[in-house]
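Visitor: A predicted structure for the sequence below; I have some questions about it.
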There are 4 protein chains.
Amino acid sequence: MIQKSMDLSKGKVKINIGQKVLGEDLLIFSGPCSVENLDTMRDIATKLKALGVDVLRGGAFKPRTSPYDFQGLKDEGLEILKTIKKEFGFVISTEILDVRDLDKVDDFVDLIQIGSRNMYNYVLLEEAGKLGRPVVLKRGFSATVAEWVSAAEYILNTGNEKVILCERGIRTFETTTRNTLDLNSVAYLKESCRLPVLVDPSHGTGVRSLVKPMALAGIMAGADGLMIESHSAPDESISDAQQTISMEVLEEIMKTSKELWRYR
Amino acid sequence: MIQKSMDLSKGKVKINIGQKVLGEDLLIFSGPCSVENLDTMRDIATKLKALGVDVLRGGAFKPRTSPYDFQGLKDEGLEILKTIKKEFGFVISTEILDVRDLDKVDDFVDLIQIGSRNMYNYVLLEEAGKLGRPVVLKRGFSATVAEWVSAAEYILNTGNEKVILCERGIRTFETTTRNTLDLNSVAYLKESCRLPVLVDPSHGTGVRSLVKPMALAGIMAGADGLMIESHSAPDESISDAQQTISMEVLEEIMKTSKELWRYR
Amino acid sequence: MIQKSMDLSKGKVKINIGQKVLGEDLLIFSGPCSVENLDTMRDIATKLKALGVDVLRGGAFKPRTSPYDFQGLKDEGLEILKTIKKEFGFVISTEILDVRDLDKVDDFVDLIQIGSRNMYNYVLLEEAGKLGRPVVLKRGFSATVAEWVSAAEYILNTGNEKVILCERGIRTFETTTRNTLDLNSVAYLKESCRLPVLVDPSHGTGVRSLVKPMALAGIMAGADGLMIESHSAPDESISDAQQTISMEVLEEIMKTSKELWRYR
Amino acid sequence: MIQKSMDLSKGKVKINIGQKVLGEDLLIFSGPCSVENLDTMRDIATKLKALGVDVLRGGAFKPRTSPYDFQGLKDEGLEILKTIKKEFGFVISTEILDVRDLDKVDDFVDLIQIGSRNMYNYVLLEEAGKLGRPVVLKRGFSATVAEWVSAAEYILNTGNEKVILCERGIRTFETTTRNTLDLNSVAYLKESCRLPVLVDPSHGTGVRSLVKPMALAGIMAGADGLMIESHSAPDESISDAQQTISMEVLEEIMKTSKELWRYR
């Protein structure tokens, strides 16, 4: 059976997000790793809004390697996102880990995010797909491109075509960087697959100073948008501080990305 | 926080399974990849019983890379396992993919199996742990030993200590075999971790002729037991035929494993 | 001992190549995988000269996985390169595999190339370093950045600082592309290491259509130059045809790379 | 072209070493990582002789990641090995890194060892092969089995069939152990390849306490022999101390290996 995502005769999938069209326009997803508290989130949202960020990302449920680490604010985090949505009118993307939580977010979350650890959690993919909203499907950190695209098929197979692939780095022998951002996969998908592709240079490098060059490299490799962890006080981030950038650097990345757009 | 699984001062975890004690006695888990139909399952169970296999394994829910491939008999497969349990009195182990299915198996499945793709699905781990039965936690095919042990902590943290680790091969650059069976991890865990460890040479090699030598190598590396895919007609297996062994080879492996037990 | 290549207080290493300075100006290395014959080489050199390529690359000695495959024209290939050098005045870079061959190229080859398979061949590195010419040190396809930089130290330790690192893709589990081009390493090296860095998107992808986007991505990641396999009739290349690009595509890459230079 | 090493119709390659036949009898290669000085080497040789070790291994030339680390005693180390050979009549195996050093060892070294870093150094393989002695070809730490066997062909192609493959662990994402010992490769080679195979659990684990279980696992996977780093005072080893075992543990491994031999 030919995969629905690879049948180029059906045309590229385009997704309306706010006033833009993912697949035509450059889209910027940004925000903190974790939703921390309402005040911080308001501060961040104010700044991201001013920069023209398209989608606010922030995690209420955090999958952590150890059960003894901070697992996110959970339902309280969702309430904060709901408030931010109301106050700022932001398009919101957040990660869901448990099929039983999908109901809770259906009335205010615009995009459902599936994290790298859950790319093979096909039950979650199918249930997320059934909501009909766009689903951001992060690449499993050891998934081949073929497996990643096959995972997307679990969503497409529910009748929901709005799948957004997000390259966030793979696991290799290299330890200088947290992951190895595989931009080959982005260039390959742009010529072979119907789905839009984001690049996440934050997880893709794990190193704050490398986020900017790798974001720009991602644009030239063909990415339709960027997902970047940012914070108004990066060093105080509760999680992923070492890869979270400041608003100033985010502004630089957004400015240069726009200028690079025509060279692709 | 010291990990509960690594605190050797608490003694090794031992688990009663049938008349044996995992962690002291050699335990053999075997059966077909998928539950196929009642007649085949009866035939296989008869033969495994005669060989003295300790735990019957068989999948009702099959996580497959593509949604267009056979996904298991699902509820019908559970019914078959229930019948087999009644007729043969077999200890049953089966994989669960969806937290919402745990209820269905609570009255007849003895061990809950978490597959490689779901090792990072912490929600499933916690819910499976809460049942209080032994949980077989297969290593994610790209999980470090540290991540694997941390995943086990999600189960231990529910108060359930009956976690059985199962090494089933990791993903490397090598393509001669389906996976690279990492027996180093078994030797390491036996000296550092409280939990019993199984070796699965079927997925660990993906090649029928390599199952026997690697099962025996696993025993000498320190495994407490083996999990092996077998079938009364291996070539007719609906899934994983190329790595499924015959009853004759299973018998040889069981016989030699017993003789090797005293050399460890 | 602090590594000579990482001591940023000594300033970035800059290398004069033709009329340009590697480390300041964009440098393009291009040419066929193998030196095939004098006529083809003349044809290619004529075209590369017209495009403004800075360094002509071509292999006389080809390290091949199997001894039964074409191993390069060897000494005959060197003679062809010598003729091309005389006729076109091209700066020449070629790979050496055997310390005993270094003498043969000392009078006409400008840069000595060490291939990926020989990055750990420290004997060859030292002897190549002693010639005093620039050495292009390709990253071993499974070398960490730390090992790669340590290999460069074998050359620096001979007193020769003219080492050019070349990222050419690493070996991972991914098989969609021949290698995984690790641009993270380029961004990291540009901020931490004194040595100039090239990107080779030909080996880095192994796929002709991906060479252009990944070359441009390499520029934005911080590369000081590009090494690209090109041919006047790519499909007729004796080796690596599937990753060799045409002169037309090379021209596009060079043109866009120059425009991107100011955005870095 | 069918590979000479894989053409099973020609029969398995057997190699006379001392009074034994590699490919029929269990062979033990042992000794220190580096040749340190004559007194220590005499002490070690006395003990290894008493245990019945078949081949004495010890490195005079040490390939090290950094040029600033100890590189071996070089020619002085060769002199020590020569003396030991004379005094003890030991079969000697030592690693050569430079084709120009092959002459120096031709009169007293019995087996030429090619290390993991030089598996792709085809020039060295060919020149070593031409000596006509057995060549121990260690697997490159990121070489596929297919590439390893193809590297062996470079030696076979010189007319020398006496190639001994040695599995010493591969590079993966796992960092608990120094390398991942790939015993799958041993089981595979024993059924598909004509050449004898050793297992090196010292480099294969990098952890002293894991050497014994993994040596025994190697035997059951099908190894024809073991190569193990040992020292009369392991903690005082100049290199690789953390993976070097004592004479007592070596004795246990040898004793149990012999008993396991008939179960294969």
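Guide: Received it, and whenever you're ready, just let me know what you need.
Visitor: ok, and the helix or strand in chain A with the lowest average confidence?
Guide: Per-element confidence for chain A was summarised using mean pLDDT, DSSP states H and E. The lowest value among helices and strands belongs to helix A:102-105, with a mean of 95.
Visitor: Please put the alpha-carbon coordinates of stretch A:233-249 into PDB.
Guide: What follows is stretch A:233-249, C-alpha atoms only, in PDB (Å, rounded to 0.1, in the frame of the first residue of the first chain):
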ATOM      1  CA  ALA A 233      15.200  34.500  31.700                       C
ATOM      2  CA  PRO A 234      16.700  31.500  30.100                       C
ATOM      3  CA  ASP A 235      19.000  30.600  33.000                       C
ATOM      4  CA  GLU A 236      16.100  30.300  35.300                       C
ATOM      5  CA  SER A 237      14.200  27.800  33.200                       C
ATOM      6  CA  ILE A 238      13.000  24.900  35.300                       C
ATOM      7  CA  SER A 239      13.900  22.400  32.600                       C
ATOM      8  CA  ASP A 240      16.200  22.500  29.600                       C
ATOM      9  CA  ALA A 241      17.900  25.800  30.600                       C
ATOM     10  CA  GLN A 242      21.100  25.000  28.800                       C
ATOM     11  CA  GLN A 243      19.400  24.900  25.500                       C
ATOM     12  CA  THR A 244      16.900  27.700  26.000                       C
ATOM     13  CA  ILE A 245      17.600  31.000  24.300                       C
ATOM     14  CA  SER A 246      16.900  34.600  25.200                       C
ATOM     15  CA  MET A 247      14.300  36.800  23.400                       C
ATOM     16  CA  GLU A 248      17.100  38.800  21.900                       C
ATOM     17  CA  VAL A 249      18.600  35.700  20.100                       C
END
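Visitor: what about the strands in the stretch 51-200 of chain A?
Guide: Chain-ordered strands for the stretch 51-200 of chain A, with DSSP state E, counting those that start in this stretch as the definition, fall at A:55-57, A:91-95, A:111-114, A:135-138, A:163-167, A:197-199.
Visitor: could those go into CSV alongside distance to chain D, mean neighbour count and mean pLDDT?
Guide: Where C-beta positions appear, they are placed from N, C-alpha and C, glycine not excepted. Formatted as CSV, the entries for the strands of the stretch 51-200 of chain A read as follows, by distance: least, C-beta to the nearest C-beta, whole Å; neighbours: other C-beta atoms under 10 Å in any protein chain shown; pLDDT from 0 to 100:
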stretch, distance to chain D, mean neighbour count, mean pLDDT
strand A:55-57, 27, 25, 98
strand A:91-95, 23, 23, 98
strand A:111-114, 22, 23, 98
strand A:135-138, 18, 26, 98
strand A:163-167, 18, 27, 98
strand A:197-199, 22, 27, 98
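Visitor: Tabulate these (CSV), appending distance to A:Ser66.
Guide: What follows is these, written out as CSV (distance: least, C-beta to C-beta, whole Å):
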stretch, distance to A:Ser66
strand A:55-57, 23
strand A:91-95, 18
strand A:111-114, 21
strand A:135-138, 20
strand A:163-167, 24
strand A:197-199, 28
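Visitor: need those strands in CSV with distance to chain C, can you?
Guide: Shown next, in CSV, are the strands of the stretch 51-200 of chain A (distance: least, C-beta to the nearest C-beta, whole Å):
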stretch, distance to chain C
strand A:55-57, 22
strand A:91-95, 24
strand A:111-114, 20
strand A:135-138, 16
strand A:163-167, 11
strand A:197-199, 10
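Visitor: Now for the residue lying closest to A:Leu165 once chain neighbours are set aside: which residues touch it?
Guide: Taking C-beta to C-beta, 6 or more residues apart in numbering or on different chains, and ignoring the residues beside it in sequence, A:Leu165 has A:Val197 as its nearest neighbour in space, at 4.7 Å. Listed by C-beta atoms under 8 Å, 6 or more residues apart in numbering or on different chains, the contact partners of A:Val197 are A:164-167, A:186, A:189-190, A:222-224.
Visitor: and the least confident helix or strand of chain A, what does it pack onto?
Guide: Using 3 or more C-beta pairs under 8 Å, 6 or more residues apart in numbering or on different chains; DSSP states H and E as the contact criterion, the secondary-structure elements in contact with helix A:102-105 are helix A:75-88.
Visitor: Can you show me the CA trace of the helix it packs on as PDB?
Guide: The C-alpha coordinates for helix A:75-88 follow below in PDB (Å, rounded to 0.1, in the frame of the first residue of the first chain):
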ATOM      1  CA  ASP A  75      -3.600  20.100  35.000                       C
ATOM      2  CA  GLU A  76      -2.500  23.400  36.600                       C
ATOM      3  CA  GLY A  77      -0.200  23.900  33.600                       C
ATOM      4  CA  LEU A  78      -3.200  23.400  31.300                       C
ATOM      5  CA  GLU A  79      -5.200  26.100  33.200                       C
ATOM      6  CA  ILE A  80      -2.300  28.500  32.700                       C
ATOM      7  CA  LEU A  81      -2.200  27.800  29.000                       C
ATOM      8  CA  LYS A  82      -6.000  28.300  28.800                       C
ATOM      9  CA  THR A  83      -5.700  31.700  30.500                       C
ATOM     10  CA  ILE A  84      -2.800  32.700  28.200                       C
ATOM     11  CA  LYS A  85      -4.900  31.700  25.200                       C
ATOM     12  CA  LYS A  86      -7.800  33.900  26.400                       C
ATOM     13  CA  GLU A  87      -5.600  36.900  27.300                       C
ATOM     14  CA  PHE A  88      -3.300  36.900  24.300                       C
END
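Visitor: quick check, distance from that helix to the centre of its chain.
Guide: Once both centres are worked out by C-alpha atoms, centre = their mean, to the nearest Å, helix A:75-88 turns out to sit 18 Å from its chain's centre.
Visitor: And stretch A:134-145, by the same measure?
Guide: 10 Å.
Visitor: Likewise for stretch A:114-129?
Guide: Computed by C-alpha atoms, centre = their mean, the chain-centroid distance of stretch A:114-129 equals 14 Å.
Visitor: cool, and stretch A:227-239?
Guide: Computed by C-alpha atoms, centre = their mean, the separation of stretch A:227-239 from the middle of its chain amounts to 15 Å.
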